[in-house]
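Participant: Fold the stuff below for me.
(one chain, ligands or ions: 1)
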Amino acid sequence: METRHISFDQTRIAVHLNGTGPLAILLHGYPLDHRMWLDVLGSPLAETHTLAAVDLRGHGESPWCGNNVHTMDAMADDVSAVIRTLTDDPVDIVGLSMGGYVAQALAVRHPDLVSSLALVNTRARGDTEEQRSGRMGAMQTLLTEGRRAIATTMCQNLLAPRSDDDAHGQMMRARIHTMVENLPTETILADLRGLRDRPDRTATTKAVKVPILVVVGEDDAITPPFETEAWAAEIPGARHVVIPGAGHMPPMENPAEFVRVLGEFWNEL
Ligand code: MLT
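Facilitator: Reported below is the predicted structural model:
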């Protein structure tokens, strides 16, 4: 795997590349980094695509750039700069949850850069009032109890319950703890503000002109399958696929099936 650091304005973005062929961008969720994609980066998809897992601003190897709010639009503009640096062609985008919000912002703001969208365990609508107050609660928890408390809650929310029992579940929890506890506190706060204030993309995503795949884990408690299925049905031409044995993190919980589904989507483009 090769890591490149791409600098522009006051921002430096790390991107982790593996494979050969047309570029495909992988965008992680909150509050994680490129390491949630490690099983995908090392998969047979790298034989047909140059897989590029981005560390969004302030995550992984991309330093926090001093902003108190990580808007989805600003993160999408960062990704556009990465794409323009790496290729002249439009690219396949895969975004999980917060990465999916960024992917939708990218498709609206930079449509010329996008050839397909895989929207994984994500949604178009903005936060409900209840979710917005949940963001405020998470900020309070972070400031009073620290990142470990956020990581523990995230593990409970992100992973399907049955993964608690086995060695794979323990390994995933360890990976999530490492990613969350490595983040600057400022990044987590800025993410939470950006998530809380993000706009509704329902209309703009419906109008996107490229092929769209909507993917969800069968046991996802954050973006449940009944919600993603109804959303996909409203997007002209979109396909909806449920990944068994997974909650909010199919690329970690069931990477074999996730890779198969993504490969099939890309093959049919
Ligand atoms: C994520 O996984 O990125 C988050 O669950 C997104 C969110 O909380 O809306």
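Participant: So Arg201 sits against Tyr101, correct?
Facilitator: Yes: assessed by CB atoms under 8 Å, Arg201 is found in contact with Tyr101 at 7.3 Å. Backbone N, C-alpha and C define where each C-beta goes, glycine included.
Participant: For the two, indicate the residue with more neighbours.
Facilitator: Tyr101 (28 against 23; other CB atoms under 10 Å).
Participant: What distance do you get for the more buried one to the ligand?
Facilitator: 7 Å (CB to the nearest ligand atom, to the nearest Å).
Participant: Which strand or helix spans that residue?
Facilitator: Assigned by DSSP states H and E, Tyr101 belongs to helix 98-109.
Participant: Give me the contacts around that helix.
Facilitator: With contacts defined as CB atoms under 8 Å, 6 or more residues apart in numbering, helix 98-109 is touched by 26-30, 56, 72-73, 75-77, 79-80, 93-95, 113-114, 117, 119-124, 191, 195, 198, 201, 204-205, 208, 210.
Participant: Narrow those residues to those in helices?
Facilitator: Residues of the contacts of helix 98-109 located in helices (DSSP state H): 72-73, 75-77, 79-80, 191, 195, 204-205.
Participant: which among those gets closest to the ligand?
Facilitator: Set against the ligand, the nearest of the ones in helices among the contacts of helix 98-109 by CB to the nearest ligand atom is Leu195 (5.1 Å).
Participant: residue contacts, that closest one?
Facilitator: By CB under 8 Å, 6+ apart, Leu195 lies in contact with 30, 98, 101, 127, 135.
Participant: Could you list the residues of the protein in contact with the ligand?
Facilitator: For the chain, the contact set with the ligand under CB under 6 Å from any ligand atom comprises 29-30, 97-98, 195, 222, 248.
Participant: Tell me the most packed of the residues you listed, by neighbour count.
Facilitator: Gly29 (28 neighbours).
Participant: now the residue nearest to it when sequence neighbours are not counted: how far from Leu113?
Facilitator: Distance criterion CB to CB, 6 or more residues apart in numbering; nearest residue to Gly29, sequence neighbours excluded, is Ser97 at 3.7 Å. Ser97 is 21 Å from Leu113, where distance means CB to CB, to the nearest Å.
Participant: Equivalent analysis for Met171, please.
Facilitator: Counting by CB to CB, the gap from Met171 to Leu113 is 35 Å.
Participant: now swap in Ile25 and tell me
Facilitator: From Ile25 to Leu113 the distance is 9 Å (CB to CB).
Participant: Now do the shared contacts for those two.
Facilitator: 83, 91.
Participant: The two: which has the busier surroundings?
Facilitator: Taking neighbours as other CB under 10 Å, Ile25 and Leu113 compare with Ile25 leading, 26 against 20.
Participant: so what's that one bridging to?
Facilitator: Here Ile25 sits in beta bridges with Ala52, Ile93, as judged by DSSP bridges.
Participant: Quick check, it in contact with Val91.
Facilitator: Yes: the criterion here is CB under 8 Å, and Ile25 meets it with Val91 at 5.6 Å.
Participant: what do those two both touch?
Facilitator: Ile83.
Participant: List the contacts of Arg57.
Facilitator: Per CB under 8 Å, 6+ apart, neighbours of Arg57: 11, 13, 64-65, 67, 70, 74-75, 78, 187.
Participant: now do Ser43
Facilitator: 255, 259 are the contacts of Ser43 under CB under 8 Å, 6+ apart.
Participant: pLDDT score assigned to it?
Facilitator: The model reports Ser43 with a pLDDT of 98.
Participant: buried subset of the contacts of helix 98-109?
Facilitator: Buried by 16 or more other CB atoms under 10 Å: 26-30, 56, 72-73, 75-77, 79-80, 93-95, 113-114, 117, 119-124, 191, 195, 198, 201, 205, 208, out of those.
Participant: what's the neighbour count on Thr87?
Facilitator: 15.
Participant: check contacts around Leu51.
Facilitator: Per CB under 8 Å, 6+ apart, neighbours of Leu51: 17-19, 24, 26, 37, 40-41, 45.
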